[in-house]
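Novice: how does the following fold in three dimensions:
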Amino acid sequence: MSNTSTSRQDVARLGDFMCFAVYSTNLAYSRVYKPVLEKLGLTYPQYVTIICLWEEDNQTVKGLSEKLFLEPSTMTPMLKRLEAMGYVQRTRDSEDERSVRVSLTEAGRTLRESAFAFREVTARAAGLAPEEFRVLQKAIVNLRTNLMQASGQ
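Specialist: Residues are numbered from 1 along each chain as shown. Model (predicted):
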């Protein structure tokens, strides 16, 4: 064995990469959410859009896209599908015709009761105590904030 060869212990393994831990956790979360979302008839981006509107109704497409970290060009077709499903209504902003506002319909507001019942499913699947969950969530949000700042966003 030569001096220039790298020992097996010195080689970075996939499990050592934070990016892979985050990526694979997202995939695992998606698997847990999949049956829940299928029962609601929503995709994950549609689901978080509705949640965002429950928090604050009548938002602009631009505002929603910023909060959800999605491009407005991605939002528009998704919002059209949510509108066709009867959950949201899109209207031109009365003060700025270039801007489109999105608000929940009665069906969109009613969906909240069904959706929140599923929160327990994902919380149980995480296997964390409520305090552990809050600490981890804050750490992940802090990580995201730091990464976005580092990337200039």
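
Novice: go ahead and flag the most central residue of this structure.
Specialist: V48 (5.6 Å; C-alpha atoms, centre = their mean).

Novice: next SSE downstream of the longest helix that the chain contains?
Specialist: Longest among the helix segments of the chain by residue count, using DSSP state H, is helix 18-40. Counting by DSSP states H and E, the next helix or strand C-terminal to helix 18-40 is helix 44-55.

Novice: mind listing what's buried in that next one?
Specialist: Within helix 44-55, the residues that count as buried by 16 or more other C-beta atoms under 10 Å are Q46, Y47, V48, T49, I50, C52, L53. No exception for glycine: its C-beta is placed from N, CA and C like everyone else's.

Novice: so which elements touch that helix?
Specialist: Counting contacts by 3 or more C-beta pairs under 8 Å, 6 or more residues apart in numbering; DSSP states H and E, helix 44-55 is packed against helix 18-40, helix 61-68, helix 72-84, strand 88-92, strand 100-104, helix 106-117.

Novice: now that helix: how far from the chain's centre is it?
Specialist: Here helix 44-55 is found 8 Å from its chain centre; the criterion is C-alpha atoms, centre = their mean, to the nearest Å.

Novice: between that helix and helix 18-40, how many degrees?
Specialist: Relative orientation of helix 44-55 and helix 18-40, computed by axes from the mean of the first three to the mean of the last three C-alpha atoms, to 10 degrees: 80 degrees.

Novice: just checking, the residue nearest to the centre of the chain touches L68?
Specialist: Yes - contact criterion C-beta atoms under 8 Å: V48 and L68 qualify, at 5.9 Å.

Novice: alpha carbons only: can I get the helix-or-strand element of the chain with minimal mean pLDDT in PDB?
Specialist: In the chain, no helix or strand scores lower on mean pLDDT, DSSP states H and E than helix 119-126, which sits at a mean of 84. C-alpha atoms of helix 119-126 as PDB (Å, rounded to 0.1, in the frame of the first residue of the first chain):
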ATOM      1  CA  ARG A 119     -51.300  16.000  11.300                       C
ATOM      2  CA  GLU A 120     -51.300  13.300  14.000                       C
ATOM      3  CA  VAL A 121     -50.300  10.700  11.500                       C
ATOM      4  CA  THR A 122     -47.200  12.500  10.500                       C
ATOM      5  CA  ALA A 123     -46.300  13.500  14.100                       C
ATOM      6  CA  ARG A 124     -46.500   9.800  15.200                       C
ATOM      7  CA  ALA A 125     -44.500   8.700  12.300                       C
ATOM      8  CA  ALA A 126     -41.700  11.100  13.200                       C
END
